[in-house]
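>>> got a predicted structure plus its sequence, pasted below:
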Amino acid sequence: MITTPPRPPKPKPANPILHAVTTWFSALPPELLGTIHKFTTLQELLGTAPKRWVTYRPVILLPSGTFSGPWSSIFNLSFPSSHRDNLCAAIVASISKKEGKGSLTHLAINSGIPLHRHEDEDAENILRTPSGLVTLYGDFGPALSPDQVPGLQDFKDAFWVCTKQNGISQTWAPRYTMFSRGNVKEKARLLDFHSPSQVEGRRRSREVLKGDVAVDLYAGIGYFVFSYAALGMRVYGWEINGWSVEGLRRGAGLNGWGVRAVKEDEEWVVNKEEDERIVLFEEDNRKAEERLQILSEREKERVRHVNLGLLPTSEGSWDMALRILHSDGWLHVHENVGVNDVDSRKVEIEGMFRSWLKKAKDEREVKVEHVEFVKTFAPGVWHCVFDVYIYYK
């Protein structure tokens, strides 16, 4: 019997970043190499170079902490900027070639969204400004103050990126607006929330959903707003960050949905024309209940979802959200919770909503129907969504 020897394993394709670093390093002038060798070696640089990246056309984002350690001698002010630019250009070109995305043009180092503003550690970063983003290559737009109210020219001058998740397009300006990649799972869950695969009480056909209403008190660039809009629902949202409002407006256009943006103190008249799938209020969401008072009683009864997507907690708007939900439906409460505290927090949440219903002499019942673990926020801490179901017996 003749046996065939096993085939040797296929060599793994070279990491494009390591390839770019090696090529760049070999092309440096001898005098500059001599200076670099006083601090580090090619082997050390390759060993600490990033191995992963994320692309949002046309930008490449490298992980937080990239180019630290031995790279500090390369990315300091005394190192010739032309050679740093050559390195970044080589990385962009190498990744573009690997991914077949020739339109990639920009490079930056990603960072988590700080809870407080860098210039004032006691002030909350209410706008969720991505102040930790490190731009490396390409024009990301002017460096504007987070307190500056953007205008039409600012939007025109900004650098915008796009992505598509679950078939839905989104766009944002990374220098001024956050983007949470990990929310893709929760977006998909909302899209599937009323499908036949879900529990009996949730099942609603697409035709029925087209008559339903959703409210998002923390709309952002449309993370969850767009999931509801894709189901055919009419959506009312609130957002105080002008950059996020513009991102949502542009994103809605990419998806073919009409959107009406209402400024603070601007008079709003209900217009249920088909081209206004989304109505977005650029103001504090504490005005939401008052704004929605002009809806007809029938429209108020059709509110099925109220999304509360603020971290680390959205507790400050829970009682108002309950009043906005006039009939049976769901409040989607987002919180950062210790993994060992989820069950007790579930009981607390039910108790809080039950007490508000009792105080208002409201006959509806409350049940935390499900807890979704979206993503880890820190060791032992999860970003959770508590689906609070409000219903009549």
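Perfect, I can see it now.
>>> specify the beta-bridge partners of V333.
L308, F386 (DSSP bridges).
>>> my guess is it contacts W318, does it?
Yes: contact status for V333 versus W318: in contact at 6.8 Å, counting by C-beta atoms under 8 Å. Using the backbone N, CA and C atoms, a C-beta is placed for each residue, glycine as well.
>>> so which of the two has more stuff around it?
V333 (27 against 19; other C-beta atoms under 10 Å).
>>> if I look at that one, what pLDDT would I see?
Looking at V333, its pLDDT stands at 98.
>>> list the residues that contact the closest residue to N255 other than its chain neighbours.
Using C-beta to C-beta, 6 or more residues apart in numbering and skipping residues adjacent in sequence, the residue nearest N255 is S169, 5.5 Å away. By C-beta atoms under 8 Å, 6 or more residues apart in numbering, the residues touching S169 are 162-163, 251, 254-255.
>>> tell me the bridge partners for S169.
Bridge pairing for S169 - DSSP bridges - gives K164.
>>> distance check, it against V269.
Using C-beta to C-beta, to the nearest Å, we find S169 at a distance of 29 Å from V269.
>>> my guess is D343 is in a helix, correct?
Yes: assessed with DSSP: H, G, I helix; E, B strand; the rest coil, D343 lies in a helix.
>>> ok, it - how many residues close by?
10.
>>> please report the distance of it from R302.
For D343, the distance to R302 - C-beta to C-beta - is 33 Å.
>>> just T23 next, same as before
In terms of C-beta to C-beta, T23 sits 60 Å off from R302.
>>> could you find the closest non-adjacent residue to the residue nearest the centre of the chain?
By C-alpha atoms, centre = their mean, the chain has its centre lying nearest to S180, at 2.6 Å. Leaving aside its chain neighbours, S180 sits nearest to Y223 (6.8 Å; criterion: C-beta to C-beta, 6+ apart).
>>> quick check: phi and psi on that neighbour?
phi -40, psi -60 (degrees, to the nearest 10).
>>> and the spatially closest residue to S111 that is not a sequence neighbour, how many residues sit next to it?
With sequence-adjacent residues excluded and distances taken as C-beta to C-beta, 6+ apart, S111 is closest to G132, at 3.0 Å. For G132, the count of nearby residues is 13 (other C-beta under 10 Å).
>>> can you verify G132 is assigned to a strand?
No: assignment of G132 by three-state DSSP gives coil, placing it outside any strand.
>>> touching, it and G65? I think so.
No: assessed by C-beta under 8 Å, G132 is found out of contact with G65, at 10.6 Å.
>>> how about the nearest residue to G242 once chain neighbours are set aside, what does it touch?
With sequence-adjacent residues excluded and distances taken as C-beta to C-beta, 6+ apart, G242 is closest to P150, at 4.7 Å. Shown in contact with P150 (C-beta under 8 Å, 6+ apart): 144, 158, 176, 242-243, 246.
>>> give me that answer again for 10 Å
144, 157-158, 173, 176, 241-243, 245-246 (C-beta atoms under 10 Å, 6 or more residues apart in numbering).
>>> quick one: which of those sit in helices?
157, 242-243, 245-246 (DSSP state H).
>>> show the buried residues in those.
Among the ones in helices among the contacts of P150, the ones that count as buried by 16 or more other C-beta atoms under 10 Å are 242-243, 245-246.
>>> nearest to S81, of those?
W243 (28.3 Å; C-beta to C-beta).
>>> thought that closest one was touching L144?
Yes: assessed by C-beta atoms under 10 Å, W243 is found in contact with L144 at 9.2 Å.
>>> quick check: neighbours shared by these two?
With C-beta under 10 Å, 6+ apart as the test, W243 and L144 both reach 129, 150, 154, 158, 175-176.
>>> which residues of the stretch 51-200 of the chain score low on pLDDT?
77, 101-102, 112-131 (pLDDT under 70).
>>> ranges for the strands of it?
Taking DSSP state E, counting those that start in this stretch to define them, one finds strands in the stretch 51-200 of the chain at 54-56, 59-62, 106-109, 116-117, 120-124, 134-137, 161-165, 168-172.
>>> any chance of JSON lines for those strands, columns distance to Q198?
JSON lines is the format used below for those (distance: least, C-beta to C-beta, whole Å):
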{"stretch": "strand 54-56", "distance to Q198": "31"}
{"stretch": "strand 59-62", "distance to Q198": "34"}
{"stretch": "strand 106-109", "distance to Q198": "39"}
{"stretch": "strand 116-117", "distance to Q198": "39"}
{"stretch": "strand 120-124", "distance to Q198": "36"}
{"stretch": "strand 134-137", "distance to Q198": "42"}
{"stretch": "strand 161-165", "distance to Q198": "20"}
{"stretch": "strand 168-172", "distance to Q198": "20"}
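>>> R323: which of these is closest?
strand 120-124 (25.0 Å).
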